[in-house]
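Novice: Output the structure for:
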Amino acid sequence: MEEAEDIGRDGVHFHSHQSSNDRLSRTLGHLLSRLEEANDAGNVDRHVVELSDPGGSIPFVMKFTELTYSIRTPKKLSLFPRRSETKTLLNSISGEAREGEILAVLGASGSGKSTLIDALANRIAKGSLKGSIVLNNEPLESKLLKVISAYVMQDDLLYPMLTVEETLMFSAEFRLPRTLSKSKKQSRVQALIDQLGLRRAAKTIIGDEGHRGISGGERRRVSIGIDIIHDPIILFLDEPTSGLDSTSAFMVVKVLQRIAQSGSIVIMSIHQPSYRIITLLDRLLFLSRGQTVYSGVPAGLPLYFSEFGRPIPENENWAEFALDLIRELESTPDGSSPLVGFHRSWKRLKLSSSSAVGGKQITSLSLKDAISTSISRGKLVSGSTEVAPTSSVSRFANPFWIEMAVLTKRAAINSRRTPELFAIRLGAVLVTGFILATIFWRLDDSPKGVQERMGFFAIAMSTMFYTCADALPVFLQERYIFMRETAYNAYRRSSYVLSNAIVGLPSLILLSIAFAAATFFAVGLAGGAEGFFFFFLIVLASFWAGSGFVTFLSGVVSHVMIGYTVVVAILAYFLLFSGFFVTRDRISNYWIWFHYLSLMKYPYEAVMQNEFGGHGKCFVSGMQMFDNTPLEAMPVAIKANVLQAMSRAIGVSITSGTCITTGSGILEQQALTDLSKWNCLWITVAWGFFFRILFYFSLLVGSKNKRR
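Specialist: Sure thing, here's the model as predicted:
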């Protein structure tokens, strides 16, 4: 029996002397119980799991055969129509990657490195990719691949205000199951910090352009860490050393070597590695314009190029020589075709020679047994906790409510550490409220006061929606973090949508209180305490609907400036059709649908009814009938004579104090009587929920993260 060391979920190692069948039947629950026993024994640092090598087979072997991927280039604009051209990005690429090894894909820019990584990681839509990808000679289902693998993007997509430790801890809470205690997750994070060499930076924030944080190499290692928190069986990386100095790049690849040796398949693309990095790699795959020009171990490069007729000079970096030669060939009329053809014949010769001398055939466990063994060693904690067929592996590590709690906590920490964002928004609301309060100070109950009240309500309600436009960049900044995390089932999209709404609600309440307190009493609105409470509720509902609308647009529009243009234009249309500029009964039939779709219609009607409905307060008396008309300048005596003449004509006594128009009359004049104020409030709230549902579907459709 061989001894195999593997880092467990808590950085703990075990000794096991069980038979193969016992080991395969052991569940994660048994593993965790052994963890408890180890902790109770007070010796949690050095225990070793011993696993037999069943038949000398390799636990995991991933093979890909004849992978071909083509895209159609769009037609160019010209006077003469052209047919769309087909561009082949991958052309019959084959190879294999084994557990415990690093497979590095190399090539010049545009050679197809990232495309091949995407193809192996199932990031190319079905039907577009030809060929086969198998794990242990069994087809690799998309659902299973998401659970047993991780993908590290080229860009470091991290929250800048979280520390290294917090970032890894949140990843642990997403990817590790709730059956694992918090202390176990914390132990796993601490072990991973040591494994990544991040101990000194553990308490430092990630940082960005405006906040000093960790270095580029440390940031890259954190990006790797969040995706290997559950020890994935397969780890894909797209140029993990890009933008790093030679020392940082070497440290990153050294970490990847340790990950591979702990029992994972590591497949990565890399651009011009140093000699030190070459020594850490187990297999190389050189590409040139989507075709294979070399596939094998690094030590085979000198002999390969020597047989090709271009021997590598002494003291020359093998990888740099190969890449320079590929670029040189690509600049010739025949391109790299001679090297591609040589590789095919060389590969056939190598296979025939291996068969002639009776080379040992590489075998692997069945996929079910290999995954069972992996679970028994503590890997794949985010998957099923029972040794079961691969079809029953859990899609998500945690239930819905735990995901929501973790997402809400993370968003709250980010918000708390950037108080200036809320302070600016609150300041904008208070300044707007102060300006409106001073302009519309203590409005009277005259006809002019009525018009001024209507103007105040229209401006105030539209301000609520325009103020919400600042929420547009929030998701646009988080979009790619969200796509990275959901691509491999860290959490559900629905959890993200609900936590987004929950985290934003307290700030909306504070903004609503601030605006209502700054304007209601200063303007002299009616209704007293009850009227103020309803005014606060409709302002809050407006913020809720506005933020939901902007959040939905942020899921549809991918650029901030385009998003702002769309938001401002649509909100302007909503204001135009709200009923303030043109009353409902005067809007043409072919535009009336837009009136009912206007988000501002319902808050505007609600505050109008809150102000003018429900009481018999007079707003136009007999003498005020002449206001805002050419007769307004007449002497009071003449106005009194006109009123007497009108009284005789209609047979009703009209004096200077007679009430002509009450609040309900104003609502009828403005055609605002089809809905009650409470119905308007509930419809506004419903709009907020509706747009957040649309936001969910926009994430569902727009974040597939796959090439077509």
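Novice: Domain-wise, how is this protein divided?
Specialist: In terms of domains, the chain is parsed into 61-73+84-342+372-377, 418-706 (source: the TED database).
Novice: Need these in CSV (columns: mean neighbour count).
Specialist: Every C-beta, even on glycine, is put in place using the N, C-alpha and C of the backbone. Putting the domains of the chain into CSV (neighbours: other C-beta atoms under 10 Å) gives the following:
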stretch, mean neighbour count
domain 61-73+84-342+372-377, 19
domain 418-706, 18
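Novice: will you turn those into CSV that also has distance to residue 411?
Specialist: Below are the domains of the chain laid out as CSV (distance: least, C-beta to C-beta, whole Å):
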stretch, distance to residue 411
domain 61-73+84-342+372-377, 9
domain 418-706, 4
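Novice: could you dump those domains to TSV with mean pLDDT and distance to residue 352?
Specialist: Listed next are these as TSV, based on pLDDT from 0 to 100; distance: least, C-beta to C-beta, whole Å:
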stretch	mean pLDDT	distance to residue 352
domain 61-73+84-342+372-377	89	15
domain 418-706	89	38
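Novice: Out of those, which is closest to residue 403?
Specialist: Closest approach to residue 403 among the domains of the chain (C-beta to C-beta): domain 418-706, 3.8 Å.
Novice: Point to the residue nearest the middle of this protein.
Specialist: Nearest to the geometric centre of the chain sits residue 482, at 1.6 Å (C-alpha atoms, centre = their mean).
Novice: Now tell me what touches the helix or strand where it lies from outside.
Specialist: Per DSSP states H and E, residue 482 falls inside helix 472-487. Applying C-beta atoms under 8 Å, 6 or more residues apart in numbering, the contact partners of helix 472-487 are 123, 146, 151, 153, 155, 157-159, 174, 491-493, 496, 500, 550-551, 553-555, 557-560, 563-564, 567, 699, 703, 705.
Novice: Now for the closest residue to residue 149 other than its chain neighbours: which residues touch it?
Specialist: Excluding the flanking residues, the one nearest residue 149 by C-beta to C-beta, 6 or more residues apart in numbering is residue 234, at 4.0 Å. Taking C-beta under 8 Å, 6+ apart as the contact definition, residue 234 lies against 60, 62, 135, 145, 148-150, 264-265, 267.
Novice: Run through the bridge partners of residue 234.
Specialist: The partner list for residue 234 in beta bridges (DSSP bridges) reads residue 149, residue 265.
Novice: Just want the phi and psi numbers for residue 628.
Specialist: When read as degrees, to the nearest 10, the backbone of residue 628 gives phi 60, psi 20.
Novice: Surely it is in contact with residue 447?
Specialist: Yes - counting by C-beta atoms under 8 Å, residue 628 touches residue 447, with 5.7 Å between them.
Novice: May I have the helix or strand containing residue 183 exported as CSV, CA atoms only?
Specialist: Residue 183 belongs to helix 182-196 when elements are defined using DSSP H and E. Listed next in CSV are the C-alpha coordinates belonging to helix 182-196 (Å, rounded to 0.1, in the frame of the first residue of the first chain):
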residue,chain,number,x,y,z
LYS,A,182,-18.0,27.1,10.5
SER,A,183,-14.9,26.2,12.4
LYS,A,184,-14.1,23.6,9.8
LYS,A,185,-14.6,26.1,7.0
GLN,A,186,-12.4,28.6,8.8
SER,A,187,-9.7,25.9,9.2
ARG,A,188,-9.9,25.1,5.5
VAL,A,189,-9.5,28.8,4.7
GLN,A,190,-6.5,29.1,7.0
ALA,A,191,-4.9,26.0,5.4
LEU,A,192,-5.5,27.4,1.9
ILE,A,193,-4.0,30.8,2.9
ASP,A,194,-0.8,28.9,3.9
GLN,A,195,-0.9,26.8,0.8
LEU,A,196,-1.2,29.9,-1.4
